[in-house]
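*Asks:* Dropping a prediction and its sequence here:
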Amino acid sequence: MAGMLYLVPTPIGNLGDISPRCRETLEAADFIAAEDTRVTLKLLNHLGIKKSLVSYYEHNKAFKGNVILDRILAGETCALVSDAGSPAISDPGEDLVKQCAEAGITVCAIPGPCAVITALSISGQATGRFCFEGFLSTAKKSRREHLESLTGETRTMVFYEAPHKLLNTLEDMAAVFGADRPVSLCRELTKLHEEVIRTTLGQAAAKYAETPPKGEFVLVVAGAPVCKKETATSEDAAELVARLMEQGLSRKDAVRQAAAELDLPKNVVYEAALTIE
Ligand code: SAM
């Protein structure tokens, strides 16, 4: 019988954030696949766990993915960890999960520390609807293209960023989204020097032009303001309700959201929505 793949989140700074279930899973696994075996060895030493480690990272994932898959198919249980946080979110684990799922192997994700969610929750930005944009490209042209594709994005946007690229990114974001767009810079989360700077893109760029940034960052950028139609009609309302329902909202929620977005009374939108099949 095939084994299983466990996705085991590890602390993004504070070692106390490892959960009992994660610890037990690491102990029980036949082997651990790690992005950087030195980083994981430190964690295992802290936890007092001795376990066979296999390295699995960006530049060996094509070959090592098959080796790991064969071991799981032969009945072994693998725990996958990244350097920090939840495996498979902006790290090569994504490919291993896909490979295992395609081979019919059971994948079990254990909830735990994750930089995107930790930053979003502390950001003070709207959290009801958000999109995660991961890392931007290091190449200026594709970074700009990525940002330009988001100019109409009204949801809160979350980005991962390395300190040496932060200033360029903030300058590009200010140019594309506007210098006044609110941003929360979430730095060194769960660590001794944790800091959340709630400011604007222009001010953040000016700050880091003077003092180079240090540490790990997640940027939580406010979405574009929703443009309300001045004179929305019943047809507009019906169209928007239909679109929202296609996106998975119930009729009631779609009516509520369309009324808010179009600044129309709810009963008017409700009447209009009755024309939808
Ligand atoms: N898979 C991990 C997760 O989602 O939790 C993240 C992996 S990604 C390769 C690493 C990025 O996560 C960093 O460049 C930074 O943007 C963010 N990050 C990780 N730990 C952080 C921390 N303690 N504080 C702020 N950002 C952090």
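*Replies:* It's in.
*Asks:* Name the residues that touch whichever strand or helix holds Thr25?
*Replies:* Counting by DSSP states H and E, the element that carries Thr25 is helix 20-28. Outside helix 20-28, the residues within contact range by C-beta atoms under 8 Å, 6 or more residues apart in numbering are 6, 8-10, 32, 44, 47, 49, 51, 77, 79, 81, 110, 112. The C-beta positions use only the backbone N, C-alpha and C, and glycine is treated the same way.
*Asks:* so what strands line up beside the helix or strand that it is followed by?
*Replies:* Scanning forward in sequence from helix 20-28 by DSSP H and E, the next helix or strand is strand 31-34. Sheet pairing of strand 31-34 (DSSP bridges) gives strand 53-55 (parallel), strand 78-81 (parallel).
*Asks:* which residues touch Glu188?
*Replies:* Gly13, Glu194, Glu195, Gly215, Glu216.
*Asks:* Among these, the buried ones, what's the PyMOL command?
*Replies:* Restricted to buried positions by 16 or more other C-beta atoms under 10 Å, the PyMOL selection for these reads:
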select buried, resi 13+216
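*Asks:* Which members of the contacts of Glu188 occur in strands, if any?
*Replies:* Glu195 (DSSP state E).
*Asks:* With pLDDT and distance to Met173 added, can I get the contacts of Glu188 in TSV?
*Replies:* Output for these, formatted as TSV (pLDDT from 0 to 100; distance: C-beta to C-beta, whole Å):
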residue	pLDDT	distance to Met173
Gly13	96	25
Glu194	97	22
Glu195	97	19
Gly215	95	19
Glu216	95	18
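*Asks:* In a markdown table, list the contacts of Glu188 along with distance to the ligand.
*Replies:* Listed next are these as a markdown table, based on distance: C-beta to the nearest ligand atom, whole Å:
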| residue | distance to the ligand |
| --- | --- |
| Gly13 | 4 |
| Glu194 | 7 |
| Glu195 | 9 |
| Gly215 | 7 |
| Glu216 | 4 |
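*Asks:* thinking again about what came up before, if you count neighbours, what's buried in the helix holding Thr25?
*Replies:* Neighbour-count burial for helix 20-28 [16+ other C-beta under 10 Å]: Cys22, Thr25, Leu26.
*Asks:* returning to what we had before: give me the ChimeraX select line for the contacts of helix 20-28, limited to the buried ones.
*Replies:* The command below creates a ChimeraX selection of those among the contacts of helix 20-28 that count as buried (16+ other C-beta under 10 Å):
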select :6,8,9,10,32,44,47,51,77,79,81,110,112
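*Asks:* Could you export the strands paired with strand 31-34 as a markdown table, including distance to Ala272 and mean pLDDT?
*Replies:* Formatted as a markdown table, those follow (distance: least, C-beta to C-beta, whole Å; pLDDT from 0 to 100):
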| stretch | distance to Ala272 | mean pLDDT |
| --- | --- | --- |
| strand 53-55 | 58 | 97 |
| strand 78-81 | 49 | 98 |
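*Asks:* thinking again about what came up before, of the contacts of Glu188, which is the nearest to Arg181?
*Replies:* Glu195 (20.0 Å; C-beta to C-beta).
*Asks:* Isn't that closest one up against Pro213?
*Replies:* No. The pair Glu195 / Pro213 is not scored as a contact, 10.5 Å apart, by C-beta atoms under 8 Å.
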